[in-house]
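Colleague: Got a predicted structure here, sequence first:
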Amino acid sequence: MSLKLFAAPMSSATPVVCALAELDLDCEIVMLDLQAGEQKRPAYLAINPHGVVPTLVVDGTPLFETVEILQWLGETYGVERGLWPAAGTPERLTALSWSGWIYASYGALVGTLNFARSPHVDAALHHPPLAAEVLRRLDAALGRLDARLAARPFLLGDAYSLADLTVACVVTYSLYCGVSVEGHPHVRDWLRGFYTRPAYARGWGDAPPMV
Ligand SMILES: N[C@@H](CCC(=O)N[C@@H](CS)C(=O)NCC(=O)O)C(=O)O
């Protein structure tokens, strides 16, 4: 199977770069210069009409949306490597639940937080009370993640999986946006473990660990 990833440094593509390293897959990686607008060029829009990274091209067919790419990599390559649960197991459902939740629920709140107060967003759109409420909800979400990790070392049980990688990357991004894991010691320690994996450095490079 031929794999080609369109990515950019420190972007939504970062978890995919980490997952490819974790799975030890051969994949051509093309880094786009987002500042230069390479993601809006016609040739790229033909494979991803949304003009964003990542896109994984699988035997010529594009797959976009980070969480879909991660779940597909898990199903296709992770089962045999012990990094994704087999189809038909309860663990598969749990892996889909937590990896879907971190993007659709937690990640959506982080996006709202950015609109409400990020220096990269027009200050006229900022909304401090909304930012405070979103931070409260993110903290509650981290509390639920902490409770899960208090009962087992990894999201699915005793073994690290791509579900951990997926959730840890989005939580890490949220730390860059000003969310704190203060008060969530199991999340903090689990993140520290993730940061020691070689695959983390492949995606995050020299960026200093956030906890
Ligand atoms: N929901 C998408 C988000 C992708 C996304 O927004 N990527 C950003 C980089 S973090 C991008 O390519 N931005 C360039 C642009 O909007 O022009 C995913 O997870 O794949």
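Modeller: Arrived safely.
Colleague: Render the CA-only coordinates of stretch 54-65 in CSV, please.
Modeller: Extracted C-alpha coordinates of stretch 54-65, given in CSV (Å, rounded to 0.1, in the frame of the first residue of the first chain):
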residue,chain,number,x,y,z
PRO,A,54,-3.2,16.6,7.2
THR,A,55,-4.2,14.6,4.2
LEU,A,56,-3.0,11.0,3.9
VAL,A,57,-3.1,9.7,0.3
VAL,A,58,-3.6,5.9,0.3
ASP,A,59,-2.9,4.3,-3.0
GLY,A,60,-3.9,7.5,-4.7
THR,A,61,-7.1,8.2,-2.7
PRO,A,62,-7.1,11.0,-0.1
LEU,A,63,-8.2,10.5,3.4
PHE,A,64,-8.6,13.7,5.5
GLU,A,65,-9.6,14.6,9.1
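Colleague: What parts of the chain come near the ligand?
Modeller: Ser11, Ser12, Leu34, Gln39, Gly51, Val52, Val53, Pro54, Phe64, Glu65, Thr66 (Cβ under 6 Å from any ligand atom). Every residue, glycine included, has its C-beta placed from N, CA and C.
Colleague: from those residues, which ones fall inside helices?
Modeller: Secondary structure from DSSP state H places Thr66 of the residues of the chain next to the ligand in helices.
Colleague: Let me have the residues of the chain next to the ligand in TSV, extended by distance to Met210, pLDDT and neighbour count.
Modeller: Listed next are the residues of the chain next to the ligand as TSV, based on distance: Cβ to Cβ, whole Å; pLDDT from 0 to 100; neighbours: other Cβ atoms under 10 Å:
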residue	distance to Met210	pLDDT	neighbour count
Ser11	16	96	20
Ser12	17	98	21
Leu34	22	98	15
Gln39	26	98	19
Gly51	28	98	14
Val52	23	98	20
Val53	22	98	24
Pro54	21	98	24
Phe64	27	98	18
Glu65	24	98	17
Thr66	19	98	24
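Colleague: and the two most separated of the residues of the chain next to the ligand?
Modeller: Spatial extent of those (Cβ to Cβ) is set by the pair Leu34 and Glu65 at 17.1 Å.
Colleague: mind listing what's buried in the lowest-mean-pLDDT helix or strand in the chain?
Modeller: Least confident helix or strand, the chain: helix 198-204 with a mean of 93, by mean pLDDT, DSSP states H and E. Going by neighbour count (16 or more other Cβ atoms under 10 Å), the buried part of helix 198-204 is Ala199, Tyr200, Arg202, Gly203, Trp204.
Colleague: Mind putting those into TSV with distance to Ala19?
Modeller: Output for the buried residues of helix 198-204, formatted as TSV (distance: Cβ to Cβ, whole Å):
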residue	distance to Ala19
Ala199	7
Tyr200	11
Arg202	10
Gly203	8
Trp204	13
